[in-house]
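>>> Sharing a model that was predicted from the sequence below.
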Amino acid sequence: MNNYGYQRKRDNKMITIVYAHQLEDSLNAAIRNALVEHLRSNNQPHHVIDLYKDEFQPAMTAEERRTFFTGTGESRDPLVKQYQNMLSETSHLVCIFPIWFNGEPSIVKAFFERTCLPGFGYAYVENGLKPLLTHINRITVLTTSGAPTEILMGPFGNMIENQFINNLVCNMAGPADGKDIAWLNLGNALSPSKEALNAYIAKTKERF
């Protein structure tokens, strides 16, 4: 445990960053830019999925809902197909977003709902769900929040670890046990000092 969140294990190949923020002058953009530059400098292969810039549509279409339980994992949306191709070769999944209402923005949840379809992200089996993206062995969640990290992890119920990581992402990537997982949050982010941001970015780079 550290001041930013929690961590678990290690290994590395293709890195896919799922990024969600509308503003290019945001703290999240600064974190993304610093990470991408770090990856480029170290010749680490990576994809960047910028949900807002891509104009990703979060709402599931009527056709997608009609075919949801067929288990084919296929989508007619070319952007979703592109995302699926990226996830298929990903071993380290990185998500960068601001925490809203103690959890992930709706567009991030929609990314998993529309991309990780039954037959691609998971399969329905007799005793529940079977993860199909088990080649993702590292998960890093980089967030910012107005609230201090300790408040999110305590009184607010730690929705990032309990709901987003364990109950959403790990339904596709496989059980958290045995995965290398880290959640690093920059709390008190409404007006952070330059020193606090630099320390957070330095802590982030240590994982790559």
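All right, it came through fine.

>>> use CA for all of it now, contacts and neighbours both
Fine.

>>> where's residue 67 relative to residue 124, distance?
Using Cα to Cα, to the nearest Å, residue 67 is found at 14 Å from residue 124.

>>> can you check residue 181 too?
With Cα to Cα as the criterion, residue 181 and residue 124 are 25 Å apart.

>>> Pull the number of nearby residues for residue 158.
18 (other Cα atoms under 10 Å).

>>> Let me see the contact set for it.
Applying Cα atoms under 8 Å, 6 or more residues apart in numbering to residue 158 gives the contacts 102, 152.

>>> now swap in residue 97 and tell me
19, 20, 21, 28, 104, 105, 142, 143, 144.

>>> which residue sits closest to the second one, ignoring its sequence neighbours?
So the one you mean is residue 20. Distance criterion Cα to Cα, 6 or more residues apart in numbering; nearest residue to residue 20, sequence neighbours excluded, is residue 97 at 5.1 Å.

>>> so after the lowest-mean-pLDDT helix or strand in the chain, what's the next helix or strand?
None of the helices or strands of the chain scores lower by mean pLDDT, DSSP states H and E than strand 5-7, at a mean of 47. Counting by DSSP states H and E, the next helix or strand C-terminal to strand 5-7 is strand 15-19.

>>> Give the rounded mean pLDDT of the next helix or strand after that following strand.
Next along the chain after strand 15-19, taking DSSP H and E as the criterion, comes helix 27-41. Averaging pLDDT along helix 27-41 gives 97.

>>> In helix 27-41, which residues are buried?
Buried residues in helix 27-41, counted by 16 or more other Cα atoms under 10 Å: 27, 28, 29, 31, 32, 34, 35, 36, 39.

>>> Would you check which pair of the residues you listed lies furthest apart?
27 and 39 (18.4 Å; Cα to Cα).

>>> in what helix or strand does the residue nearest in space to the middle of the chain lie?
In the chain, the centroid-proximal residue (Cα atoms, centre = their mean) is residue 95; its distance is 2.7 Å. Per DSSP H and E: residue 95 is located in strand 92-98.

>>> strands paired with that strand, and their directions?
Partner strands and pairing direction for strand 92-98 (DSSP bridges) are strand 15-19 (parallel), strand 138-144 (parallel).

>>> so can I have CSV of these showing mean pLDDT?
Shown next, in CSV, are the strands paired with strand 92-98 (pLDDT from 0 to 100):
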stretch, mean pLDDT
strand 15-19, 98
strand 138-144, 98
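
>>> Using a markdown table, please lay out those strands together with distance to residue 54 and mean neighbour count.
Output for these, formatted as a markdown table (distance: least, Cα to Cα, whole Å; neighbours: other Cα atoms under 10 Å):
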| stretch | distance to residue 54 | mean neighbour count |
| --- | --- | --- |
| strand 15-19 | 10 | 22 |
| strand 138-144 | 20 | 24 |
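
>>> Give me the below-cutoff pLDDT ranges for the protein.
Scanning the chain with the threshold set as pLDDT under 70 gives 1-12.

>>> Now do the end-to-end distance for stretch 68-80.
Terminal residues of stretch 68-80 are spaced 14 Å apart (Cα to Cα).

>>> how about that stretch: buried residues?
68, 73, 74, 75, 80.

>>> Distance-wise, check the residue nearest to the centre of the chain relative to residue 194.
In terms of Cα to Cα, residue 95 sits 22 Å off from residue 194.
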